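> Can you look at this prediction? I've put the sequence above it.
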Amino acid sequence: MTLEEIAKKMVAKGKGILAADESTGTMEKRLKSVNVDSTPENRLNFRETLFSSDAMKNYIGGVILFEETLRQKSSKGISIPELIMKSDSIPGIKVDKGAKTLAGSKDEKVTEGLDGLRDRLNDYYKLGARFTKWRAVYSISDKYPSSQAIKSNAHALARYAALAQEAKMVPIVEPEVLMDGQHDINKCYEVTTNVLNECYNELEIHKISLKGTILKPNMILPGSSCKDKSNSKEIAEKTIECLKKNVPTDVTGIAFLSGGQSEQEATKNLNEINKLNDTNFLISFSYGRALQQSALKTWSKNMKDTKTVHSVFNHRAKMNGMSSKAEWSENLEKEFAA
């Protein structure tokens, strides 16, 4: 498959990406929140439960893995990438080494992980990964993000994307403007515009084939502490406008991050965005918590009750699959709850 074909398959209509790439530290916090010990066995058990569900065949086009999971074997003795591919989904891998303090601007972050990346990518390809992900984060305040943070992160994203395409893998480019703060929706729009512009400037300089990429952006949302809460229609209008103005039309797909939204908020907002989608972009989801949270709570009560966990996960994945086609409604949520 070409990079463009892989990208299209990951966000085909009705499908999206499961972000199961939580680091060991993040996964420890998630498991602790449901009173489960964070052991390699428990982390694998939960993820394998999701990866063996019907949702994988029907609604999940790709799965982002953490390196630990990429190297693990399922309870049936096959590798986790093989398990994912059995559902006709594509395995991928988070390749960055996390956001570290930006020298010269101690309150901001720059993502590290370029050292040795070429060799790591070749190794990941042999293990079955066919796409990659690199996340940059930007905070909004009176002073931030600085042009230094915007430029440094865009440059790193572009260097990463060039190495990923060289290794015959699709790069997911994730420039996340964080929800934390009191800023309004217009400030988020302004900052996201600046971030996306700089990212695509750098991607052009680094000769990235945009048809073989996926953008994983934030939606245009007010800050989590903002008193003026926008409705889904306004969020969708601002988000589509921002994409149209700042993302080149060659980009194959856009898979939104959930970024702290609740499960239903993330689904509802994606549905509204797709109602207004008059672009050539395939617009879908790349959710972590917003796909997994209810399933995690259910699993923690009885790890052996795979059937119930599958039912909960299948529902959430189906709701997001329907949102990627603008076919979701709140009644569908009520029917499941009943």
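Ah, there it is.
> How is the residue nearest to the spatial centre of the chain assigned, secondary-structure-wise?
When Cα atoms, centre = their mean is applied to the chain, the residue found nearest the centroid is residue 286 (3.5 Å). The assignment at residue 286 comes out as strand when based on DSSP: H, G, I helix; E, B strand; the rest coil.
> so where is the protein shaky, pLDDT-wise?
338 (pLDDT under 70).
> all helices for it, in order.
3-10, 24-33, 40-51, 54-59, 67-70, 80-86, 117-126, 147-166, 185-205, 232-246, 263-275, 289-301, 306-323, 330-337 (DSSP state H).
> do you know which of these lies nearest residue 225?
Residue 225 lies closest, by Cβ to Cβ, to one member of the helices of the chain: helix 185-205, at 12.4 Å. Yep, even glycine has a C-beta here, placed from its N, CA and C like the rest.
> Show the contacting residues for the residue nearest to residue 32 when sequence neighbours are not counted.
Distances taken as Cβ to Cβ, 6 or more residues apart in numbering put residue 38 closest to residue 32, at 6.8 Å, once the chain neighbours are dropped. The neighbours of residue 38, taking Cβ atoms under 8 Å, 6 or more residues apart in numbering as the test, are 24, 27-28, 31-32.
> which phi and psi does residue 38 have?
phi -90, psi 80 (degrees, to the nearest 10).
> Show the contacting residues for residue 43.
24, 27, 31, 68-69.
> Just the buried ones out of those, please.
27, 31, 68-69 (16 or more other Cβ atoms under 10 Å).
> Skipping adjacent residues, who's closest to residue 86 in space?
Per Cβ to Cβ, 6+ apart, closest to residue 86 is residue 78, 7.9 Å.
> ok, the one you found to residue 126 distance?
16 Å (Cβ to Cβ, to the nearest Å).
> More neighbours: which of these two?
Neighbours per residue (other Cβ atoms under 10 Å) separate residue 78 from residue 126, with residue 78 holding more: 12 against 8.
> What distance do you get for the more buried one to residue 191?
Relative to residue 191, and taking Cβ to Cβ, residue 78 is found at 44 Å.
> Same check on residue 167?
Distance, residue 167 to residue 191, by Cβ to Cβ: 31 Å.
> Count the neighbours of the closest residue to residue 239 other than its chain neighbours for me.
Spatial nearest neighbour of residue 239, excluding adjacent residues (Cβ to Cβ, 6+ apart): residue 220 at 4.5 Å. Using other Cβ under 10 Å, residue 220 has 28 neighbouring residues.
> residue contacts, residue 220?
Residue 220 is in contact with 185, 188-189, 192, 235, 238-239, 242, counting by Cβ under 8 Å, 6+ apart.
> what's the farthest-apart pair in the residues you listed?
Pairwise across the contacts of residue 220, and taking Cβ to Cβ, the largest span is found between 192 and 235, at 12.2 Å.
> Would you convert the buried ones among the contacts of residue 43 into CSV that also reports distance to residue 102?
Below are those laid out as CSV (distance: Cβ to Cβ, whole Å):
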residue, distance to residue 102
27, 26
31, 30
68, 27
69, 29
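> Around residue 252, count how many other residues there are.
For residue 252, using other Cβ under 10 Å, the count is 23.
> Let me know the closest of the contacts of residue 43 to residue 10.
residue 69 (17.7 Å).
> quick one, what contacts the closest residue to the closest one other than its chain neighbours?
For residue 69, ignoring the flanking residues on the chain, the nearest one in space by Cβ to Cβ, 6+ apart is residue 80 at 5.4 Å. Residues near residue 80 by Cβ under 8 Å, 6+ apart: 44, 47-48, 51, 65, 69-70, 72-74, 91.
> can you pick the most crowded of these?
Tallying neighbours with other Cβ under 10 Å puts residue 65 at the head of the contacts of residue 80, with 29 neighbours.
> Can you tell me, leaving aside adjacent residues, what's nearest to that residue?
Sequence neighbours aside, residue 93 is the residue nearest to residue 65 in space, at 5.3 Å (criterion: Cβ to Cβ, 6+ apart).
> Surely that neighbour touches residue 124?
Yes. Counting by Cβ atoms under 8 Å, residue 124 is a contact partner of residue 93 at 5.0 Å.
> Which neighbours do those two have in common?
Common neighbours of residue 93 and residue 124 (Cβ under 8 Å, 6+ apart) are 67, 70, 132.
> Could you dump those into JSON lines with distance to residue 172 added?
Converted to JSON lines, the shared contacts of residue 93 and residue 124 look like this (distance: Cβ to Cβ, whole Å):
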{"residue": "67", "distance to residue 172": "16"}
{"residue": "70", "distance to residue 172": "15"}
{"residue": "132", "distance to residue 172": "7"}
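> Now do the closest residue in space to residue 249 that isn't next to it in sequence against residue 8, distance only.
Nearest residue to residue 249, sequence neighbours excluded (Cβ to Cβ, 6+ apart): residue 280, at 5.9 Å. When distance is defined by Cβ to Cβ, residue 280 is 12 Å away from residue 8.
> can you tell me which residues contact residue 274?
283, 323-326.
> Need the buried ones from those selected in ChimeraX.
Buried residues among the contacts of residue 274 (16+ other Cβ under 10 Å), as a ChimeraX selection:
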select :283,323,324
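> export the contacts of residue 274 to CSV and tack on distance to residue 174?
Converted to CSV, the contacts of residue 274 look like this (distance: Cβ to Cβ, whole Å):
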residue, distance to residue 174
283, 15
323, 20
324, 18
325, 23
326, 24
